[in-house]
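**Q** Make a model of this:
(2 chains)
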Amino acid sequence: MPRPIDIILENRLKKLTQLEEAGISGFPNDFVPDSDTRTLHARFDSATQEALEAESARFRVAGRVMTLRNMGKACFFHFKDRLGSLQAYVRKDVLGEEQFERFTLIEVGDIVGVTGKLMKTRTGELTLMAESVKLVTKALRPLPEKFHGLQDVETRFRQRYVDLIMNDWVRELFVTRSKIVSYIRSFLDGRNFLEVETPMMHAIAGGAAARPFVTHHNALDIDLFLRIAPELYLKRLLVGGLERVYEINRNFRNEGLSHKHNPEFTMLEFYWAYATFHDLMALTEELLSGVFTALRGEPAIEIGGKRISMAPPFRKLPLADSLSVVGGLPADKVTDRDYLAEVLRRNEVEVIPAWGLGKLQVEVYDKLVESRIEEPTFIIHHPVETSPLSRRNNENPEVVDRFELIVAGREIANAFSELNDPRDQKARFEEQMKARDAGDEEAHQVDWDYVRALEYGMPPAAGQGIGIDRLVMLATGMENIKEVILFPLLRPEVAELDTEEPAES
RNA sequence: GGGCCGCUAGCUCAGUCGGUAGAGCAGCAGACUUUUAAUCUGCGGGUCAAAGGUUCGAUUCCUUUGCGGCUCACCA
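**A** Here you go, the predicted model:
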């Protein structure tokens, strides 16, 4: 007993076979469109039927059949290319008996090439009056329902190709993502930054506090880590004299999945010699207001129906001050270790005795401040204790010249003036090593070659990371990171009987 | 990893206070030369996520498992 879907597959296969028996390929590659749906709409939507009749031009357009209204001796269908959709009108008396017979084997989901002249229907819709309709690619599987489309979230993520066919907003979202990335590239290229590619496989996973994925190289017989950050390699390039470098690429962190975390995610990191984190703040304001202006025509975003201005300048707030200004703590208590520990315990955070003032402040910040910040805000001057790669502030050595940019309660960027004193760097690595030995799996591993590089002299520099996925979420108003990643990681599908050939009847 | 919710036809969804299930679209057969969620007539289609338990009887109640969503924790 075949499953019902098998009957559908079989029927579609039968139509393909019929065509092939008539000597017609179901998968030809010789149809070359000379126009597209968007161009035709742009040029002719406002034209009258009389004007179209006078127009002698024929157009060749390819796309996927999305709806089909057969009326016996004539048929209307809509087909979709990457830019939009267009209606076609097919008449038996135009195509001829034989061609029309073959046309009736075409069904929703197939990709066709339509050749003909343009016309207007009675309701004024621009329509391609087909002189021929060629099957370009036979679809053996049926599309989801034409009206509701594909709704099931799991299927949308697992079979993103169907999601992209059915849901125009999804296709547009990924076009937006691409535009954001190319805007950033040209923004940085225009400021003489050099795009580089550094290793994805690291012998030492450094540059961030996170647990790495482990892989194995057979010929060398060594374990390697998928990178958790490109930072240390990019800074080696500053030592090498490249001075302005950036990389937009994947990082991998072996941590839990959530609506905000995919194990592989895309980061922009850039490093700028002879600049400080103040320069980065100015650059970031320019970059982000520019991105959103390019997308929407104004420097603003919309999250949950709420408009947030992204017009510079953004607020600057020292982390310690944010505990009182945003977190609501008494201003004189933000350096009081016992008080902060008490606040954390009240908020069900397990306080570890080894934590210093800085770590306590950061914990309180994470718990009480970050999610409450809506307007773009640079949280500056993080404690040195939690920033092992940042340069100390010249006035107050307890804090570093670092900022995190927060928008709508989310961290969008993390940046700092880079530490370039190899002695200080070595000491901080040793601190991290102790934390590691004490069981902190996320503490940085010591990268001696990086220290060696610094000993050659790295120019003073500032560096920044921007989470591209999160930025796209902000730009598109998405709350789930999987919505902005084409193929988010999901648990593998359970093996389906679906892989079997349709049963012989 | 914890908590909550969901999983019924290819798709979108009803439904069963426990008596083996329906609609629309899609499909099949037919009518129809300006339709547009085309329309009209007829037909077929289900291991109700999986396994176990309770029961005369489970798709429905219970337990476990799988997958997903939301949320908390961790992080970016």
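**Q** pLDDT weak spots in the stretch 201-350 of chain A?
**A** The stretch 201-350 of chain A contains no residues with pLDDT under 70.
**Q** and it, which of its residues are near RNA strand B?
**A** A:208-210, A:253, A:255-256, A:258-263, A:265, A:349 (CB under 7 Å from any atom of the strand). Glycine gets a C-beta too; all of them are placed from N, C-alpha and C.
**Q** Let's see the PyMOL selection covering just the buried ones among those.
**A** Selection of buried members from those for PyMOL, criterion 16 or more other CB atoms under 10 Å:
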select buried, chain A and resi 208+209+210+253+262+263+265
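**Q** Throw the residues of the stretch 201-350 of chain A next to RNA strand B into a markdown table and include secondary structure, thanks.
**A** Formatted as a markdown table, these follow (DSSP: H, G, I helix; E, B strand; the rest coil):
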| residue | secondary structure |
| --- | --- |
| A:A208 | coil |
| A:A209 | coil |
| A:A210 | coil |
| A:R253 | coil |
| A:E255 | coil |
| A:G256 | coil |
| A:S258 | strand |
| A:H259 | coil |
| A:K260 | coil |
| A:H261 | strand |
| A:N262 | coil |
| A:P263 | coil |
| A:F265 | strand |
| A:V349 | coil |
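**Q** max-length helix in chain A?
**A** helix A:168-189 (DSSP state H).
**Q** elements contacting it?
**A** helix A:160-166, strand A:194-195, strand A:244-252, helix A:277-296, helix A:468-476 (3 or more CB pairs under 8 Å, 6 or more residues apart in numbering; DSSP states H and E).
**Q** winner for burial among these?
**A** Sort these by mean neighbour count, taking mean count of other CB atoms under 10 Å, and helix A:468-476 sits at the top with a mean of 23.
**Q** tilt between that one and helix A:277-296?
**A** Interaxial angle of helix A:468-476 relative to helix A:277-296 (axes from the mean of the first three to the mean of the last three CA atoms, to 10 degrees): 50 degrees.
**Q** C-alpha coordinates for helix A:468-476, PDB please?
**A** Output in PDB follows, covering the C-alpha atoms of helix A:468-476 (Å, rounded to 0.1, in the frame of the first residue of the first chain):
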ATOM      1  CA  ILE A 468      26.500  40.000  11.700                       C
ATOM      2  CA  ASP A 469      23.600  37.600  12.500                       C
ATOM      3  CA  ARG A 470      22.600  39.800  15.400                       C
ATOM      4  CA  LEU A 471      22.900  42.900  13.300                       C
ATOM      5  CA  VAL A 472      20.700  41.300  10.700                       C
ATOM      6  CA  MET A 473      18.200  40.400  13.400                       C
ATOM      7  CA  LEU A 474      18.100  44.000  14.400                       C
ATOM      8  CA  ALA A 475      17.700  45.200  10.900                       C
ATOM      9  CA  THR A 476      14.900  42.800  10.100                       C
END
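**Q** Please see if it touches RNA strand B.
**A** Yes: using CB under 7 Å from any atom of the strand, helix A:468-476 comes into contact with RNA strand B via A:469-470.
**Q** chain center to that helix, what's the gap?
**A** Helix A:468-476 has its C-alpha centroid displaced from the chain centroid by 7 Å (CA atoms, centre = their mean, to the nearest Å).
**Q** Show me what that helix is packed against.
**A** So helix A:468-476, by 3+ CB pairs under 8 Å, 6+ apart, packs with helix A:168-189, strand A:264-273, helix A:277-296, strand A:300-303, strand A:410-417.
**Q** still on that earlier bit, with distance to A:L489 added, can I get the helices and strands packed on helix A:168-189 in CSV?
**A** Below are the helices and strands packed on helix A:168-189 laid out as CSV (distance: least, CB to CB, whole Å):
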stretch, distance to A:L489
helix A:160-166, 12
strand A:194-195, 26
strand A:244-252, 10
helix A:277-296, 26
helix A:468-476, 12
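**Q** Right, I'll call it a day here.
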